[in-house]
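Quick one: sequence plus predicted model below, questions after.
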Number of protein chains: 2
Amino acid sequence: MLFTTWNEPPLFFAFFPANNSYPSILGDLLSSGLGVNGMLWATSPAATEVETHVMDWLVEMMGLPEAFRSTSTGGGVIQDTASSASLVALIAARERATGGRSNAAGVEGGRLVAYTSTQAHSSIEKDARIAGIGSDNLRAVEVDAAFAMRPERLAELIAADKAAGRVPFCVCATVGTTSADGVDPVAEIGKICREHGIWLHVDAAMAGTAALCPEFRWVTDGFEYADSYVFNPHKWMMTNFDCSAFFVRDRRSLISALSIVPEYLRNTASDAGTVIDYRDWQIPLGRRFRALKLWFVIRAYGVSGLQDVVRRHVALAREFASWVEADADFEVANRVPLSLVCFRHKGGDAVNQAILDGANASGRMYLTHTRIDDRLTLRLSIGNQRTQREHVEAAWATVREMAAKAAYSE
Amino acid sequence: MLFTTWNEPPLFFAFFPANNSYPSILGDLLSSGLGVNGMLWATSPAATEVETHVMDWLVEMMGLPEAFRSTSTGGGVIQDTASSASLVALIAARERATGGRSNAAGVEGGRLVAYTSTQAHSSIEKDARIAGIGSDNLRAVEVDAAFAMRPERLAELIAADKAAGRVPFCVCATVGTTSADGVDPVAEIGKICREHGIWLHVDAAMAGTAALCPEFRWVTDGFEYADSYVFNPHKWMMTNFDCSAFFVRDRRSLISALSIVPEYLRNTASDAGTVIDYRDWQIPLGRRFRALKLWFVIRAYGVSGLQDVVRRHVALAREFASWVEADADFEVANRVPLSLVCFRHKGGDAVNQAILDGANASGRMYLTHTRIDDRLTLRLSIGNQRTQREHVEAAWATVREMAAKAAYSE
């Protein structure tokens, strides 16, 4: 039996949380009912202005760089997913590096090179394929023991590519991956990028929300070097899918990479250059009024309400990890900086597979897995707003029960 | 004053209709509330199975080729927009033409060539840029007097490109553009594509819904030659944004172009190859349960209810066109095969601009424009389900009033 209701009951610990909340659902309902299309400022000034406003709020709420504000050189935009946001970043980087020539003449395959870590999300590789860069030209930089990209290794790869006549154009760093921790040292990576004129994109899809709390603001360390940044309010910020928050330092480089203006979309406001047309900040043309749900969430919870949720989840994850550590048969496989615990039974892959299958077949919880150091590792991701201590206790009891069954059947 | 509420009151005649309806809004509300993520079959079997089922219904309801059914070689998937669907088609075509080499090695810019008509939507050019093909390598094929792509001209361009050592890989045909009519002769274009092994993608974003009615099924003529097809239920089929219906003839070529399987997304069902993972049919990873709103709409209206809406709008457009034709100062600039009327005052661009600005500033209606034969032309797009004859009459009265004002001020 598969247990795939992501929000009900609060025993979904698989993948990542896909939160919603009553304010978010009502905001989304309003968006469905209004049915406006915010592709241009002129097609829905309200959808555009509210989005700009809410994205500026996020900059303030999370202590993000001032350059990400619409009143500075950059700005924020809501994308459907981090995959799409990273693709947008890759295109902007590609066009900046080629002076817009790739958009016109096509990509010169094998010449442009991008970098990410071995622990990065698969979407980066998919984006490199879509953008015509090719996965052969995406370098997977080795990580350290904490699964973070090794800056000195990045520098070596860039130097080798330059020596071979290739053009390093983009680095995708990650803060808190879904597989383990992987908190890349963004500042060190950023200095290397600046030195070589390379676009730095940072993906903190899940971890980004933690920046609401000053004590977790290490997740945004080094962001002053980032050209673009994405995190997903639809993961851990009580806003239902889809809602990825994407920021750029220099909106001109984004717009020049993605803008096309046919006659039937021309209008006085756009021609005057005084408004934002979010169509030019994304892949599709059309767009929902997604800012409403984010606005409702922020106004309903307030910053302190959202902080409470994050703090409670992190505390629960740390408590779960302490139980795992206290059991001689189990071990924790990541540092648990936030709300994801990677752990495994010491009995090897077969036992962990039996625990995974047994727990999921029980219908009482849903876990997923990853491989760390080539060993099957279980992932417990805490993030549903209604998940309480009793649910985490029940999850741990189920895991132990399945481990006992696996031992008995051997 | 800008009049940008796309659904209320029913005097929005700009761009294209962005319909919603109570069943659709409730389906979307349910999707927001469930908050499931249907990226894999295993992450939400219901979201996947319902989507497959509803897309198969559309094939039946609209008389689409049997190959588009999930039970045949192809299948359907809901995308956010036609822009994204066309990008997906372009990537699949690119990979089929290069044997998957572009995904690995990157695009060889200038070698791959795509074709569309001069009247096609700007998204095709944007997609060509994103996919690394380059807009220089997208040929704009000339159209005939009815704004349809000229097949003989397409054949000439393909022959010239092949003679020059380039690789024609994709043709994007359109059925009923947003600017005029532009009903491309898909069968003739398809024969040329088959002869050269070129992928044929057909975009009927707005017009596609008309295929619900047997008497308008000329919109799907020649679709037996199409490798992929997209239309937008979120335009004219009472389903709120975002809901683009995308079909492919050979799902394997799509999946092989877009599939990436990291360890943390592996699961028994996917490995067995017996289920659909819609992640591999689109650009992003995550996805909403969008099939719910389409399911609700189809079940609530029924095929005959949806047919009634289409027929009523077409009749209103034809009636409006007859009023324009009967006025010696005005002329109709397209054939009005469905619900879009392109028309203009015979007094020239300045008068038409004054009518456009005056009508929109009145707050009583919202019109947009295009250029046909390099002349400013007004577009009246009828498609809101609550638009009645009295609203169309009022729109015509407003247009005439603004024309009279313009004449007086000269």
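Here it is on my side, so go on. Residues are numbered from 1 along each chain as shown, chains lettered A, B, ... in the order given.

Could you grab the helix/strand/coil label for the residue of the stretch 51-200 of chain A found nearest chain B?
Across the stretch 51-200 of chain A, no residue is closer to chain B than residue A:132, which sits at 1.6 Å (CB to the nearest CB). Using the backbone N, CA and C atoms, a C-beta is placed for each residue, glycine as well. The three-state label given to residue A:132 by DSSP: H, G, I helix; E, B strand; the rest coil is coil.

Is it correct that it is in contact with residue B:105?
No. The criterion here is CB atoms under 8 Å, and residue A:132 misses it with residue B:105 at 9.9 Å.

out of those two, which sits in the more crowded spot?
Per other CB atoms under 10 Å in any protein chain shown, whichever of residue A:132 and residue B:105 has more neighbours is residue A:132, with 32 against 17.

Relative to residue A:140, how far out is the nearest residue to that one once chain neighbours are set aside?
Nearest residue to residue A:132, sequence neighbours excluded (CB to CB, 6 or more residues apart in numbering or on different chains): residue B:132, at 1.6 Å. Distance, residue B:132 to residue A:140, using CB to CB, to the nearest Å: 20 Å.

Report how many residues lie close to residue A:287.
The number of residues packed around residue A:287, counting by other CB under 10 Å, is 29.

Looks like it contacts residue A:281 (just checking).
No. Using CB under 8 Å, residue A:287 makes no contact with residue A:281, being 9.4 Å away.

quick one: terminal-to-terminal distance for stretch A:277-294?
19 Å (CA to CA, to the nearest Å).

repeat for stretch A:121-139
Using CA to CA, one end of stretch A:121-139 lies 13 Å from the other.

can you map out the helices along the stretch 1-150 of chain A?
Secondary structure of the stretch 1-150 of chain A by DSSP state H, counting those that start in this stretch: the helices cover A:22-34, A:45-62, A:82-98, A:101-105, A:122-130.

Can you tell me which of those is nearest to residue B:112?
Residue B:112 lies closest to helix A:101-105 among those, at 11.6 Å (CB to CB).

Give me the residues contacting that closest one.
For helix A:101-105, contacts defined as CB atoms under 8 Å, 6 or more residues apart in numbering or on different chains pick out A:94-95, A:108, A:112, A:132, A:257, B:109-110, B:129, B:132, B:134-137.

Just flag the most distant two among those.
A:257 and B:110 (19.4 Å).

Sketch out the low-pLDDT regions of the stretch 251-400 of chain A for me.
A:262-265 (pLDDT under 70).

if you set the cut-off to 90 instead, what comes out?
Per-residue confidence for the stretch 251-400 of chain A (pLDDT under 90) gives these ranges: A:260-274, A:334-337, A:360-368, A:370-374, A:383-387.

tell me the pLDDT at residue A:2?
Turning to residue A:2, the model gives it a pLDDT of 50.

where's residue A:398 relative to residue A:326, distance?
17 Å.

Just want to know which of those two has more residues nearby.
residue A:398 (19 against 8).

wait, what's in contact with the residue nearest the centre of chain A?
Of all residues in chain A, the one closest to the mean position by CA atoms, centre = their mean is residue A:205, 1.5 Å from it. Neighbour list for residue A:205: A:16, A:82, A:121, A:178, A:230, A:231, A:232, A:235, A:244 [criterion: CB under 8 Å, 6+ apart].

okay but the last one is in contact with residue A:84, surely?
Yes. The pair residue A:244 / residue A:84 is scored as a contact, 7.1 Å apart, by CB under 8 Å.

List the residues that contact the residue nearest to residue A:132.
Here residue B:132 is in contact with A:102, A:106, A:107, A:109, A:131, A:132, A:133, B:102, B:106, B:107, B:109 (criterion: CB under 8 Å, 6+ apart).

how about residue A:395, what does it touch?
A:11, A:13, A:320, A:365, A:367, A:380.

Let's have those residues in TSV, adding neighbour count and distance to residue A:160.
Below are the contacts of residue A:395 laid out as TSV (neighbours: other CB atoms under 10 Å in any protein chain shown; distance: CB to CB, whole Å):
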residue	neighbour count	distance to residue A:160
A:11	23	48
A:13	27	41
A:320	24	42
A:365	22	46
A:367	24	40
A:380	24	39
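
So which of these belong to strands?
When DSSP state E is applied, the contacts of residue A:395 are split such that residue A:380 fall in strands.

Can you tell me which of the contacts of residue A:395 is nearest residue A:226?
Checking the contacts of residue A:395 against residue A:226 with CB to CB, the nearest one is residue A:380 at 29.5 Å.

who does that closest one bridge with?
As for beta bridges, residue A:380 partners with residue A:341 under DSSP bridges.

Distance-wise, check residue A:365 relative to residue A:7.
Here the criterion is CB to CB. By it, residue A:365 lies 14 Å from residue A:7.

Same question for residue A:350.
Per CB to CB, residue A:350 is found 32 Å from residue A:7.

more neighbours, those two?
residue A:7 (19 against 12).

what sits against that one?
A:18, A:19, A:20, A:384, B:33, B:34, B:35, B:36.

Take the residues you listed and write them to a markdown table, including distance to residue B:171 and neighbour count.
Converted to a markdown table, the contacts of residue A:7 look like this (distance: CB to CB, whole Å; neighbours: other CB atoms under 10 Å in any protein chain shown):
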| residue | distance to residue B:171 | neighbour count |
| --- | --- | --- |
| A:18 | 39 | 27 |
| A:19 | 43 | 26 |
| A:20 | 42 | 24 |
| A:384 | 47 | 25 |
| B:33 | 42 | 18 |
| B:34 | 39 | 21 |
| B:35 | 40 | 25 |
| B:36 | 37 | 24 |
